[in-house]
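> build me a model:
(one chain, ligands or ions: 1)
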Amino acid sequence: MAISIVVTGAAGMLGTALMDLVPDSMSATGVDLPDGDLSLLDGAREALESPRDVARGRELVERPAPEVVIHCAGYTDVEGCTREPARAHQHNAIATANVAQICREVGARLLYISTDYVFDGTKGAAYTEEDDPHPLNAYGESKLAGERAVQQLLDNYLVIRTQWLYGPGGRNFVDTILTKARHGEELRVVADEFGSPTYTRDLAAALWKLAVADVQGIVHVTNSGYCSWAQLARAAVEMAGLSDASITEISGEDWPTATRRAQFAVLDNRRWQQLGFTPLRPWQEAVAEYVSQNFLQTR
Ligand SMILES: NC(=O)c1ccc[n+]([C@@H]2O[C@H](COP(=O)([O-])OP(=O)(O)OC[C@H]3O[C@@H](n4cnc5c(N)ncnc54)[C@H](OP(=O)(O)O)[C@@H]3O)[C@@H](O)[C@H]2O)c1
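All right, here's what the predicted structure looks like:
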């Protein structure tokens, strides 16, 4: 019998990659808004226990309770979270607590997707799973509150922290840069904030492994290596054949925002490797594949 999995946030950027890469040994149902608002306990119950099929928009009949839930849904607009911290808490912390509660009731394993935003970036080195979180903004606080809810309610869980996602089916930095470069717009890009750009399809493949691995706790998973936003922008425009694009490097302090951000919140993937998994490929390789498959064809 295929393992029964529910993916929340299935219509989002990471959820899209997960649903695209479901292994043969698993049966995955994707759920997303407007069905089952996870920030309401009843909504979470409806979404996880009797999910509608996102693709076909109908109730799934005789569907077994999920054995694993991969919880990708969330309020992911970082600036929006700063403006609306209560909404951030509702859709990231409360919704995650609701999902964890249902997993507890039905005995499901939970994979919760969290973020480098739980760290303040002052360590001066890559963060391990043992480092103490200290978020700088409402998004990070709400995601950390989600982590704590999962840890309190469940034994069989995994918190996967990742960073700087890009991929088909969602708003992301690489798309924004390439769209502006294509239109000849000047690009002002932050050069003193660093992270590991991570391709949703590479992360999705890792998540499918972790869904059935005998691993609990926290694990950091990103593509290998790191760069600044400006270095990522330069790499993307070169790979897209737009090397003439004008990129002006600025400091994060000069970026007009009310959101405090970490300067260096790179995630150490050591535990992922200690668990016996191969490091995800270097970020440059993954960006090159994304650009060639999703951008060059649509130019
Ligand atoms: N993007 C990144 O760079 C990044 C980095 C690290 C970690 N993460 C985490 O990875 C996960 C996936 O990120 P993503 O970029 O794929 O996000 P995304 O594209 O914004 O997708 C999230 C999905 O969740 C849905 N959602 C929001 N609130 C909900 C609720 N109360 N009930 C049900 N569904 C709800 C959204 O619906 P609407 O669109 O209708 O609101 C959206 O379809 C998130 O948990 C995020 O915090 C993201």
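
> run a quick neighbour tally on the nearest residue to residue 30 once chain neighbours are set aside.
The spatially closest residue to residue 30, leaving aside those adjacent along the chain, is residue 10, at 2.6 Å (CB to CB, 6 or more residues apart in numbering). Every C-beta, even on glycine, is put in place using the N, C-alpha and C of the backbone. Residue 10 has 23 neighbours, counted by other CB atoms under 10 Å.

> how about residue 10, secondary structure?
Residue 10 falls in the coil class when you classify it by DSSP: H, G, I helix; E, B strand; the rest coil.

> just residue 249 next, same as before
Under three-state DSSP, residue 249 falls in the strand class.

> wait, isn't it in contact with residue 186?
No. In this structure residue 249 lies outside contact range of residue 186 using CB atoms under 8 Å: 12.0 Å.

> ok, now how distant is residue 32 from residue 191?
35 Å (CB to CB, to the nearest Å).

> the more surrounded of the two?
Higher neighbour count among residue 32 and residue 191: residue 32, with 21 against 17, using other CB under 10 Å.

> surely that one touches residue 6?
No. Using CB under 8 Å, residue 32 is not in contact with residue 6, being 11.0 Å away.

> just want the phi and psi numbers for the residue nearest to residue 30.
With angles defined as degrees, to the nearest 10, residue 10 sits at phi -70, psi -20.

> residue 258 versus residue 35, what's the distance?
33 Å.

> the two: which is more packed in?
Comparing residue 35 with residue 258 by other CB under 10 Å, the one with more neighbours is residue 35, at 15 against 8.

> wait, doesn't the more buried one sit right on residue 48?
No. Between residue 35 and residue 48 there is no contact under CB under 8 Å: 11.1 Å.

> which parts of the stretch 151-299 of the chain sit against the ligand?
The stretch 151-299 of the chain has residues 162-165, 170 near the ligand, with proximity defined as CB under 6 Å from any ligand atom.

> for residue 123, state which of those is nearest.
Distance to residue 123, by CB to CB, is smallest for residue 163 among those, at 14.5 Å.

> separation between that closest one and residue 269?
Per CB to CB, residue 163 is found 11 Å from residue 269.

> overlap of the contact sets of these two?
Each of residue 222 lies in contact with both residue 163 and residue 269 under the rule CB atoms under 8 Å, 6 or more residues apart in numbering.

> can you count the residues close to residue 238?
14.

> which SSE is it in?
Assessed by DSSP states H and E, residue 238 sits inside helix 229-239.

> and that helix, what other elements does it pack with?
For helix 229-239, the packing partners by 3 or more CB pairs under 8 Å, 6 or more residues apart in numbering; DSSP states H and E come out as helix 173-182, strand 187-190, strand 247-250, helix 283-294.

> ok, which of the ones you listed comes nearest residue 106?
Among those, helix 283-294 sits nearest to residue 106 (CB to CB), with 34.9 Å.

> can you list the buried residues in stretch 121-136?
121, 123, 126-127, 129, 131, 133, 135-136 (16 or more other CB atoms under 10 Å).

> swap that for stretch 32-49, please
Applying 16+ other CB under 10 Å to stretch 32-49 flags 32-33, 36-39, 43-48 as buried.

> then stretch 99-111?
Neighbour counts over stretch 99-111 (16+ other CB under 10 Å) mark 99-103, 108-111 as buried.

> from those, list the ones also adjacent to the ligand.
Among those, the ligand is touched by none when using CB under 6 Å from any ligand atom.

> reformat the residues you listed as TSV; add pLDDT, distance to residue 234 and secondary structure.
As requested, those are exported to TSV (pLDDT from 0 to 100; distance: CB to CB, whole Å; DSSP: H, G, I helix; E, B strand; the rest coil):
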residue	pLDDT	distance to residue 234	secondary structure
99	97	39	helix
100	97	41	helix
101	96	45	helix
102	95	44	helix
103	96	42	helix
108	96	43	coil
109	97	41	strand
110	98	38	strand
111	98	34	strand
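
> widest-spaced pair of those residues?
101 and 111 (15.8 Å).

> so which bits of stretch 257-270 are buried?
Going by neighbour count (16+ other CB under 10 Å), the buried part of stretch 257-270 is 259, 261-269.

> between these, which is nearest residue 26?
Set against residue 26, the nearest of the buried residues of stretch 257-270 by CB to CB is residue 269 (23.8 Å).

> isn't residue 149 right up against residue 89?
No. Using CB under 8 Å, residue 149 and residue 89 do not qualify as a contacting pair, with a distance of 11.0 Å.
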